[in-house]
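Q: please work out how this folds:
(2 chains)
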Amino acid sequence: MKDFVLLFRQPDLKHSKIPASELQGLKKKWEDWVGGIAAQGRFKEHGIRLAPEGKVLRAGGVVTDGPFVEIREMLGSFIVVQADNLEDATTLAHGCPALDTGGSVEIRPFYG
Amino acid sequence: MDEYKIKKEPAPIGAGSLFNQDAEQEFLKQLFQREFSKMVAVISKLFGLQHIETAEDIVSETFLQAAETWGMRGIPKNPTAWLYVVAKQKTLYQFRRNKIFQNKILPELKSGREENQEIEEMEFSTENIRDSQLQMLFAVCTPAIASEAQIGLALRILCGFGIDEIAEAFLSNKETINKRLFRAKDKLRTEKIKMELPPENEIPARLDNVLHIIYLLFSEGYYSTTQNQVLRKDLCLEAMRLGIMLTEYERTNLPKTNALMALMCFHASRFDARLKKEDSLVLYEEQDETLWDAALIKQGKQFLSLSAAGNELSSYHLEARIAYWHCRKENSREKWEAILDLYNQLLLLNYSPSVALHRTFALYKANGREAALAEAKKLKLENNHFYFLLLAELYKDADNEKTKEYYQRAFNLSKTQIEKRGIQEKLDRLERN
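A: Below you'll find the predicted structure:
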């Protein structure tokens, strides 16, 4: 088994159309989904959860608020999972709640 | 609180003559088992842990003398005090003999200690017993010993179990257990383990190993395949007694200690309800909840609320909360969502096939059959009979042919007669419906 990172990109929730009443359900969806990976013994560790605010520095000293100005999705968080290969890791990513809210999962192996 | 359940004091001695033979035997067995660990701890503290066998011998000889003397003259008014006096005499004798040995044969190793004085000061006071037992608990639960040997050593030294009982608990034989204990004690010597509490700042980390051993002791009793119900219950009670000891000492009375105590109380509350006379396990759903021990559940809740202090969330916290939910025999979605959430968290801390299976069952109860089936198929625990029992359960009433097929596979994989009988009963019931 090798380690892979699943990177979750999502539109900023403030800009998405999810009503606040559904946020609790969304949290549960995430927990159940990660629980499902853990139930297969494939969960390695939580990555850092990034807060939505931030700044972007570009060449020429241009600073903008937030990374989501130019790209539709922002990096929210990531987890490390164990899988046989990239295809297997991609299978694990299926059902990720980020997909339900207009986001995506990027699956990346480690060097080595 | 139901005191005898946790601390297991022997029955009070009334008029000695009213004792029948069996009750007297039982009284002695309990007394010896209870005092063994205390006396071995106090004497080992004096001699040093490398001479733990000498301490065991002294205590065993004391019990032998007690059995002989009491058999003729009756049990004294204060049997515990009697034991302490005799053990002290024997210790003093052993010490002098050692001293002669040391003075004559190993004069160069003569220690500067005033040993005779030390032994005179040796006392079986409540405080000294408590301190020595705590130190022994940390010594036995040193990470240097493999955990299987550790449980054996804990059963012997901390719980006063006989070799026969330990062999039965492990479904092993005396010889194997003796070898295992010998190796464990040898390790105590070679690793120069001392009887002392770790420095205060190391206690939280070292405590993890101690709690783990207590947890294993309890599980050995609760889930053991041995048929001897008295022994199994004894194991659980001893594990709880050790846990109580840790809660009574300020520095080891941490939230995770209380979480483990809560977990054990909640589980133990269902001990009687789980067992039928014919020695087969009663499924949770079919348990008679009037047999649940309300006093233990109440006690468990107290420990659970004490465990909530601080920021640490140990696996014991999560397991205790799961066990707490199981003490509420409702079938609400709220309950199963809470249990599912706890199992999800538990899996992130420690994966185990058993937790994965329980989690999938909770998912079934909370989110329904389809969701659970999809997740169950990903588990692929094809060597685990509980996996097929779960699949059978998930297909029940939807596809009874599949249920039958999975019961059959579970039957083929199960290892004990109790399990096979239980699965056969399920198959028969399915046929009848």
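Q: make it CA atoms for all contacts and neighbour counts henceforth
A: Noted.
Q: which secondary structure element contains B:R409?
A: helix B:400-413 (DSSP states H and E).
Q: what's the longest helix in chain A?
A: In chain A, with assignment by DSSP state H, the single longest helix is helix A:23-39.
Q: just the CA atoms of that one, as PDB, please.
A: Presented in PDB, the C-alpha positions along helix A:23-39 are these (Å, rounded to 0.1, in the frame of the first residue of the first chain):
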ATOM      1  CA  LEU A  23     -24.700  22.600   6.600                       C
ATOM      2  CA  GLN A  24     -25.200  20.200   9.600                       C
ATOM      3  CA  GLY A  25     -26.200  17.500   7.200                       C
ATOM      4  CA  LEU A  26     -23.100  18.300   5.000                       C
ATOM      5  CA  LYS A  27     -20.800  17.900   8.000                       C
ATOM      6  CA  LYS A  28     -22.400  14.500   8.700                       C
ATOM      7  CA  LYS A  29     -21.900  13.500   5.100                       C
ATOM      8  CA  TRP A  30     -18.200  14.300   5.300                       C
ATOM      9  CA  GLU A  31     -17.800  12.300   8.600                       C
ATOM     10  CA  ASP A  32     -19.600   9.300   7.200                       C
ATOM     11  CA  TRP A  33     -17.600   9.500   4.000                       C
ATOM     12  CA  VAL A  34     -14.200   9.600   5.800                       C
ATOM     13  CA  GLY A  35     -15.500   7.000   8.200                       C
ATOM     14  CA  GLY A  36     -16.100   4.700   5.200                       C
ATOM     15  CA  ILE A  37     -12.500   5.100   4.100                       C
ATOM     16  CA  ALA A  38     -11.400   4.400   7.700                       C
ATOM     17  CA  ALA A  39     -13.600   1.400   7.900                       C
END
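Q: wait, a helix at B:L260?
A: Yes. The assignment for B:L260, made by DSSP: H, G, I helix; E, B strand; the rest coil, places it in a helix.
Q: where's it relative to chain A, distance?
A: Look at B:L260 and chain A: by Cα to the nearest Cα, to the nearest Å, they are 23 Å apart.
Q: surely that residue meets B:L318?
A: No. Using Cα atoms under 8 Å, B:L260 is not in contact with B:L318; the gap is 9.8 Å.
Q: and the two? Which one has more around it.
A: B:L260 (27 against 22; other Cα atoms under 10 Å in any protein chain shown).
Q: which strands and helices sit next to the helix or strand harbouring B:E168?
A: Here B:E168, judged by DSSP H and E, is contained in helix B:163-169. Where contact means 3 or more Cα pairs under 8 Å, 6 or more residues apart in numbering or on different chains; DSSP states H and E, helix B:163-169 is packed against helix B:174-190, helix B:229-247.
Q: tell me the buried residues in it?
A: Applying a neighbour-count criterion of 16 or more other Cα atoms under 10 Å in any protein chain shown, one finds B:I163, B:E165, B:I166, B:A167, B:E168, B:A169 buried in helix B:163-169.
Q: which residues sit in contact with the first one?
A: It stands for B:I163. B:R156, B:K174, B:I177, B:N178 (Cα atoms under 8 Å, 6 or more residues apart in numbering or on different chains).
Q: any idea how far B:V140 is from the closest residue to the third one other than its chain neighbours?
A: What that stands for is B:I177. Leaving aside its chain neighbours, B:I177 sits nearest to B:A167 (6.1 Å; criterion: Cα to Cα, 6 or more residues apart in numbering or on different chains). Using Cα to Cα, to the nearest Å, B:A167 is found at 19 Å from B:V140.
Q: repeat for B:F95
A: Taken as Cα to Cα, the span from B:F95 to B:V140 is 24 Å.
Q: between these two, who's got more neighbours?
A: Set side by side, B:F95 and B:V140 show more neighbours around B:V140, with 29 against 17, by other Cα under 10 Å.
Q: which helix or which strand is home to the closest residue to B:L242 other than its chain neighbours?
A: Among residues not flanking B:L242 along the chain, B:I214 sits closest, at 7.1 Å (Cα to Cα, 6+ apart). Using DSSP H and E, B:I214 sits within helix B:203-223.
Q: neighbouring contacts of that helix?
A: The contact list for helix B:203-223, computed with Cα under 8 Å, 6+ apart, reads B:137-138, B:141-143, B:147, B:150-151, B:155, B:169, B:197-198, B:231-240, B:242-243, B:251-252, B:254, B:257, B:260, B:264, B:271.
Q: centre of the chain to it, how far?
A: Put simply, helix B:203-223 sits 8 Å off its chain's centre (Cα atoms, centre = their mean, to the nearest Å).
Q: phi first, then psi, for the spatially closest residue to B:S414 that is not a sequence neighbour.
A: Spatial nearest neighbour of B:S414, chain neighbours left out: B:H385 (5.7 Å); criterion: Cα to Cα, 6+ apart. Dihedral pair for B:H385: phi -70, psi -30, per degrees, to the nearest 10.
Q: now do the contacts for B:H385.
A: B:R409, B:A410, B:F411, B:L413, B:S414.
Q: do you know how far it is from B:L171?
A: For B:H385, the distance to B:L171 - Cα to Cα - is 20 Å.
Q: next: B:K420.
A: Using Cα to Cα, B:K420 is found at 18 Å from B:L171.
Q: cool, and B:L235?
A: Taken as Cα to Cα, the span from B:L235 to B:L171 is 14 Å.
Q: neighbour count: these two, which is higher?
A: Legend: neighbour count by other Cα under 10 Å for B:L235 and B:L171, higher for B:L235 (25 against 13).
Q: excluding covalently adjacent residues, which one is nearest to that one?
A: Leaving out its chain neighbours, the residue that sits closest to B:L235 by Cα to Cα, 6+ apart is B:G221, at 5.0 Å.
Q: count of neighbours near that neighbour?
A: Neighbour count for B:G221, taken as other Cα under 10 Å: 25.
Q: now do B:Q287
A: Residue neighbour count, defined by other Cα under 10 Å, stands at 18 for B:Q287.
Q: list the contacts for the residue nearest to it when sequence neighbours are not counted?
A: Nearest non-adjacent residue to B:Q287, counting by Cα to Cα, 6+ apart: B:A273, 5.8 Å away. B:A273 sits next to B:V282, B:Q287, B:D288, B:E289, B:L291, B:W292 when contact means Cα under 8 Å, 6+ apart.
Q: residue numbers of chain A in contact with chain B?
A: A:K28, A:E31, A:D32, A:V34, A:G35, A:G36, A:A38, A:A39, A:Q40, A:G41, A:F43, A:E45 (Cα under 8 Å from any Cα of the partner chain).
Q: A:V56: which of these is nearest?
A: A:E45 (27.3 Å; Cα to Cα).
Q: who does the closest one form a beta bridge with?
A: A:V80 (DSSP bridges).
Q: that one and A:Q82 touch, don't they?
A: No. Applying Cα under 8 Å as the test, A:E45 and A:Q82 come out as separate, 9.7 Å apart.
Q: between these two, tell me which one has more neighbours.
A: A:Q82 (22 against 15).
Q: and the residue of the stretch 201-350 of chain B found nearest chain A, how many neighbours?
A: Here the residue of the stretch 201-350 of chain B nearest chain A is B:N344; by Cα to the nearest Cα that distance is 4.5 Å. Number of residues near B:N344 (other Cα under 10 Å) recorded here: 28.
Q: mind checking the SS state of it?
A: Going by three-state DSSP: B:N344 is helix.
Q: spatially nearest residue to it (excluding sequence neighbours)?
A: A:G35 (4.5 Å).
Q: same thing with B:R369?
A: B:L394 (6.2 Å).
Q: state the mean pLDDT of the helix or strand that neighbour falls within.
A: B:L394 is located in helix B:385-395, with elements delineated by DSSP H and E. Helix B:385-395 carries an average pLDDT of 93.
Q: how far off helix B:400-413 does that helix point, in degrees?
A: Relative orientation of helix B:385-395 and helix B:400-413, computed by axes from the mean of the first three to the mean of the last three Cα atoms, to 10 degrees: 170 degrees.
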